[in-house]
Structures are given as C-alpha cells and as structure tokens.
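S.K.: how would this look folded up:
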Amino acid sequence: MEIEKKDIRSLTKEQLRDFFVANGDKAFRGNQVYEWLWGKAVHSFDDMTNVSKETRNMLETNFIINHIKVDTMQRSEDGTVKNAVRLHDDLIVESVLIPTETRTTACVSSQVGCSLDCNFCATARLKRMRNLNPDEIYDQVVAIDRESRLYYNRPLSNIVFMGMGEPLMNYPNVMKAIEKITSDEGLGMSPKRITVSTSGISKMIKKMADDEVKFKLAVSLHSAIEETRNRIMPFTKNFPLLELKEALEYWYKKTKSKVTYEYVVWKGINDDQKSIDALVKFCKYVPCKVNLIEYNPIDDGEFQQASNQALENYISTLEKNNIVAKVRRSRGKDIDAACGQLANKS
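M.R.: Residues are numbered from 1 along each chain as shown. This next block holds a predicted model:
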C-alpha cells in the first residue's frame, strides 16, 4: 500500500527536527530543511543542495511540497501583473503585483472564492471552495517578490490582503502566513508593510486587537448608512455599523494604529451629500484615512462608476473636516486586475 504523503510545510521546525531524530539523523537537519522550505522557498527536495541524496530520497518518500504554480501571468500597459495561481488540487486563485515609482505591492488572496455576498464584487459570484493554507498564501507573496525583482529590479515592498476571499474568515491561516512572511526565517518583511482588509467582521477585528497584531487594518466600508451598506453587502446585516464602530474603537485603543477605509463610490447608490455626511461622521470615531476607489464595472448592472464630480465632493468635504482622503485610480484595466484598484498603499 502506498504511503500517503504529508505536506511537509504543515510541520513546525520542531516537528521536522523530531522527524530526523526519529529516523536516526541529527536534529539540525530539520533546521536545514526548514530553511530550504521557507527562507529559500524551494518547490522540490532535489533543490536542497546541501542535503544528501539519501536524505532527499527519504523526504520524497514521506512528504510532498504542495507548492503553487503561476498558471498564467498577464502584464498590463501600466505595469500591473496579474497571476492566475493554480493550487495543488487544481483550484485557481488570483494575485496581483502593483508597481509605482517607489514601491511594489502584492495583492494576495486568502480563500478560493468568497463566503460573503458583496453585490458589486466578481469574486462573490464564485462560491467559497475552501480556505487557503498558510503556505499557499506565502507562495503568492514569494512569486510576486520574484516578479518584482525580475521586472522592476527591486524586492516587494508591501502586501495587501485584498484579493479573493475575506481574510478574517480564514483567520488562523492568514495569521500563520503573516508570521512566516515577517519572520527572519521567512521573508523578513516588516508587519507595518502589510495591510489586512476586511469587510467588517467586528468580533474578528477585536480578536486581532487582543492578539496585538502589528500589521495595518483596512475596512471595506462603502457606506456609513446602514440601509445602503446592507444593500451593497447584504451579509453586513449580521455586522451592523454600531458593532463595527465599537470594534474599531477597541482596535484603536489597543493598537494605536490608524484605520484605512476603502470606499467605492457608485452612481445613484452612495454619491449623494447624505452619504458623504454619514462617512464624515463615521470617520470621527477613530483616527483614519479614506481611500476613495474608482470602480471597474463587472457588467451593466446597478453598480456603475460615479462621476468625477461625486468623487470631488467626497474629497472636498472630507478634507474640510481634516480627514485624509485620496482617490485610488483603477490599475490594470486592460487585463481586468481586480486587486489593482486597491493599490498604492501609503
């Protein structure tokens, strides 16, 4: 009977060390293999050149490396790169590289599909198939870092969890991935260069605050009027604005970290003065900034891009109230890079 191979990256360093001791080898061999798996992010045991052939064969017999493959890569006229990433079970997710003159941002996915039902979002039309494992999230970042070095001659500088899925619905795996990304044994990135974006899962925002995370928080708000927000994102009926407000106040009290509100303005939905005034009021609760996002329509339905005048009205009212606000222009339009419209974190 063939042995069922375990994904080696599901093991901790201690478990790897124990495996080698149990198989008559030295514990430090586990450290070596761990470094190859995470620090060097190899996809094959044969690439572990300082490990003996015999040891590599033993690893091959017992384990598998369930690495991702970049199935197709598209490059936009504006330099944005979109990866269709094939997972070990042949499911596909997307990740995007967003370059500016000074930085390169990776927009990564946390779920295959999404468990939420935001009416404006293409991903929400795909049912959630499963959560991504920590190594699958990590691999997306490694792939974009390599593309950044190849095309822009510089390492990846920022990461945003704004791809497919709701990161806080895959909390343990997202946290493990970030731990690896920020570890000196992984990619060694500063957590301050990572932004996790949520649609507003209040209890999980509080949990992040209790866990004393060091990365930044973004909230896809889109309306500070309950009825409008529920129309845009029906699931928010379970996470009302009052609860979100309390969670964000708790977050700021514990972390002293500003919140970014991601806010798409749509024609006839939230482009009126009442919506603007409601957002200004919501912004007064905790220190924050607002990213007003140009919308990429996914069809001819009710969600259509608002006028430039509507965006200007938002900007001028927010600035009059001393709230930092910027318009984020959509990126990678010619390749439909959905994450791209949430680019340019600052």
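
S.K.: use CA for all of it now, contacts and neighbours both
M.R.: OK.

S.K.: show me the contacts for the residue nearest to residue 317 when sequence neighbours are not counted.
M.R.: Excluding the flanking residues, the one nearest residue 317 by CA to CA, 6 or more residues apart in numbering is residue 276, at 7.4 Å. Remark: with contacts taken as CA atoms under 8 Å, 6 or more residues apart in numbering, residue 276 is in contact with 270, 313, 314, 317.

S.K.: What of residue 182?
M.R.: Residues in contact with residue 182 (CA under 8 Å, 6+ apart) are 188, 189, 190, 191.

S.K.: quick check: mean pLDDT across the helix ranked longest in the chain?
M.R.: When the chain is parsed with DSSP state H, its longest helix is helix 134-152. Here helix 134-152 scores 96 as its mean pLDDT.

S.K.: likewise stretch 208-226?
M.R.: Here stretch 208-226 scores 96 as its mean pLDDT.

S.K.: just to revisit the earlier point, so the residue nearest to residue 317, which of the three states?
M.R.: When the structure is reduced to helix, strand and coil (DSSP: H, G, I helix; E, B strand; the rest coil), residue 276 reads as helix.

S.K.: Over to residue 106: give its phi and psi.
M.R.: According to degrees, to the nearest 10, the main-chain angles of residue 106 amount to phi -100, psi 130.

S.K.: Could you verify my assumption that it touches residue 159?
M.R.: Yes: A contact is recorded between residue 106 and residue 159 when judged using CA atoms under 8 Å, the distance being 4.7 Å.

S.K.: Mutual contacts of the two, please.
M.R.: Where contact means CA under 8 Å, 6+ apart, the residues bridging residue 106 and residue 159 through contact with each are residue 141.

S.K.: wait, what's in contact with residue 39?
M.R.: Under the criterion of CA under 8 Å, 6+ apart, the neighbours of residue 39 are 185, 186, 187.

S.K.: Spell out which helix or strand contains the last one, please.
M.R.: Right, the one you point to is residue 187. Counting by DSSP states H and E, no helix or strand carries residue 187.

S.K.: residue contacts, it?
M.R.: Residue 187 makes contact with 38, 39, 180, 181, according to CA under 8 Å, 6+ apart.

S.K.: what's the pLDDT at the second one?
M.R.: pLDDT for residue 39: 95.

S.K.: same check, this time on the last one
M.R.: Looking at residue 181, its pLDDT reads 97.

S.K.: tilt between the helix or strand where it lies and helix 134-152?
M.R.: Here residue 181 is covered by helix 171-182, with elements defined by DSSP H and E. Angle, helix 171-182 to helix 134-152, by axes from the mean of the first three to the mean of the last three CA atoms, to 10 degrees: 40 degrees.

S.K.: how about helix 171-182 as PDB, C-alpha atoms only?
M.R.: Written as PDB, here are the backbone C-alpha positions of helix 171-182 (Å, rounded to 0.1, in the frame of the first residue of the first chain):
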ATOM      1  CA  TYR A 171      -8.000  34.000  10.400                       C
ATOM      2  CA  PRO A 172      -5.700  31.200  11.700                       C
ATOM      3  CA  ASN A 173      -4.100  30.500   8.300                       C
ATOM      4  CA  VAL A 174      -3.700  34.200   7.500                       C
ATOM      5  CA  MET A 175      -2.000  34.800  10.800                       C
ATOM      6  CA  LYS A 176       0.300  31.900  10.300                       C
ATOM      7  CA  ALA A 177       1.200  33.100   6.800                       C
ATOM      8  CA  ILE A 178       1.900  36.600   8.100                       C
ATOM      9  CA  GLU A 179       4.100  35.100  10.800                       C
ATOM     10  CA  LYS A 180       6.100  33.300   8.200                       C
ATOM     11  CA  ILE A 181       6.300  36.400   5.900                       C
ATOM     12  CA  THR A 182       7.600  38.600   8.700                       C
END
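
S.K.: Distance of the closest residue to residue 138 other than its chain neighbours relative to residue 140?
M.R.: Excluding its sequence neighbours, the residue lying closest to residue 138 (CA to CA, 6+ apart) is residue 177, at 5.7 Å. Relative to residue 140, residue 177 is positioned 11 Å away (CA to CA, to the nearest Å).

S.K.: any chance you could map the helices in the stretch 1-150 of the chain?
M.R.: Counting by DSSP state H, counting those that start in this stretch, the segments of the stretch 1-150 of the chain that form helices are 13-22, 28-34, 53-62, 134-152.

S.K.: Show me the shaky parts of the protein.
M.R.: Applying pLDDT under 70 to the chain picks out residues 1-3, 114-128, 297-300, 330-346.

S.K.: try 90 this time
M.R.: The chain contains residues with pLDDT under 90 at 1-5, 76-79, 101, 112-129, 164-165, 231-238, 293-308, 327-346.

S.K.: Now do the strands in it.
M.R.: Ranges of strands in the chain, per DSSP state E, are 6-7, 63-64, 69-75, 81-86, 92-99, 104-107, 111-112, 130-131, 158-161, 194-198, 216-220, 259-264, 288-293, 324-328.

S.K.: quick revisit: give me whichever of the helices of the stretch 1-150 of the chain is most buried.
M.R.: Per-residue neighbour counts averaged over each of the helices of the stretch 1-150 of the chain give the maximum for helix 134-152, namely a mean of 20 (mean count of other CA atoms under 10 Å).

S.K.: Okay, angle between that helix and strand 92-99 too, please.
M.R.: Computed by the same axes, to 10 degrees, the angle separating helix 134-152 from strand 92-99 equals 40 degrees.
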